[in-house]
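In: all I have is the shape, not the residue letters:
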């Protein structure tokens, strides 16, 4: 009787060990199947190098175009950020306004609650800046007198639209320069460019999806008899689909790497021509790439698109041959 009770107590433990062993076997089999599909799909990826290179090249160009447009917009926004954030108001004083009168006007403006600060630029300072930023320095030597007026650079506490309008009526002021409208237009153009980039990215992403799907469909057609035999032997749809899905993922990953390489070469080619242009505006600028996180996101996104295109193409074939088993 006691022996029977002992057997009863040990049966749940034995069943648990058997169940645990079954789970481990299934996990091991699942891992081996995925490893086999991963390696075999990589072999098929390199089996036809010329065809593979053409497919990857088309996909890489489709990925690089919207990515390059997005990086270009990001660099333009970064370059223009200081300009768009600057709220400075330039007051060009009349020629007859001397240094003392300019100083009194600056002190009066500093006392206003809507003014954060005022900087006086004398005609001599303006002439020195003009010599550094312009190629017409030789022509200035011909002039007997300095034609540049005194300039007050006013930093408002807000957008400065009302302040700029009020300063136009000052008798000492000849011209008020305020780029609020220009900044608004620049922001609108950048917003439009960002929207255009997403539209192009969606269209070309669909193109990449179709290219992968068509490539995998051709590979499925070449292995139709093999797939039929596997189905007759009882292979599940997941087993049949797995190598093609990995193949599509390899296409996506390779195209993402090539797209990043194309953008890197493009940046190297453009930077030497861009630096003198930016330097003519008195600034230094370097093109920024996507960065490590951005590059990883591009690779992950390209791989996901390749995986999805292959999954759709394989699923379409399996639905035509027999109902999909889940």
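Out: Sure, I can see it. None of the values given here were measured: they were computed from a predicted structure. Numbers count the residues shown, from 1 in each chain.
In: every contact and neighbour count from this point should use C-alpha atoms.
Out: Fine.
In: helix, strand or coil for residue 96?
Out: coil (DSSP: H, G, I helix; E, B strand; the rest coil).
In: hang on, residue 169 in a helix?
Out: No: looking at residue 169 with three-state DSSP, it is coil, so not inside a helix.
In: if you count contacts, what does the strand or helix carrying residue 61 end up packed against?
Out: Following DSSP states H and E, one finds residue 61 within helix 49-85. On a contact count with 3 or more CA pairs under 8 Å, 6 or more residues apart in numbering; DSSP states H and E, helix 49-85 meets helix 180-222, helix 237-279.
In: and it, how far out from the chain's middle?
Out: Computed by CA atoms, centre = their mean, to the nearest Å, the chain-centroid distance of helix 49-85 equals 7 Å.
In: any idea which helix or strand comes after that helix?
Out: Once helix 49-85 ends, the next helix or strand along the chain (criterion: DSSP H and E) is strand 89-93.
In: which elements pack onto that following strand?
Out: So strand 89-93, by 3+ CA pairs under 8 Å, 6+ apart, packs with strand 151-156, strand 173-177.
In: among the ones you listed, which is the most enclosed?
Out: With neighbours defined as mean count of other CA atoms under 10 Å, the helices and strands packed on strand 89-93 peak in mean count at strand 151-156, which reaches a mean of 22.
In: and it, average pLDDT?
Out: For strand 151-156, mean pLDDT is 84.
In: tell me which strands and helices that strand is in contact with?
Out: Strand 151-156 sits against strand 89-93, strand 115-121, with contacts defined as 3+ CA pairs under 8 Å, 6+ apart.
In: could these go into TSV alongside mean neighbour count?
Out: Shown next, in TSV, are the helices and strands packed on strand 151-156 (neighbours: other CA atoms under 10 Å):
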stretch	mean neighbour count
strand 89-93	22
strand 115-121	16
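In: quick revisit: dump the helices and strands packed on strand 89-93 into a markdown table; add distance to residue 204 as well.
Out: As requested, the helices and strands packed on strand 89-93 are exported to a markdown table (distance: least, CA to CA, whole Å):
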| stretch | distance to residue 204 |
| --- | --- |
| strand 151-156 | 45 |
| strand 173-177 | 43 |
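In: and residue 72, which of these is closest to it?
Out: strand 173-177 (28.8 Å; CA to CA).
In: that closest one pairs with which strands?
Out: strand 89-93 (antiparallel) (DSSP bridges).
In: quick one, the partner strand and strand 151-156 angle?
Out: 150 degrees (axes from the mean of the first three to the mean of the last three CA atoms, to 10 degrees).
In: buried stuff in the helix holding residue 61?
Out: The neighbour-count check on helix 49-85 (16 or more other CA atoms under 10 Å) flags 52-53, 55-57, 59-75, 77, 79, 84 as buried.
In: what's the closest of the helices and strands packed on strand 151-156 to residue 290?
Out: Judging the helices and strands packed on strand 151-156 by CA to CA, what sits closest to residue 290 is strand 89-93, at 35.0 Å.
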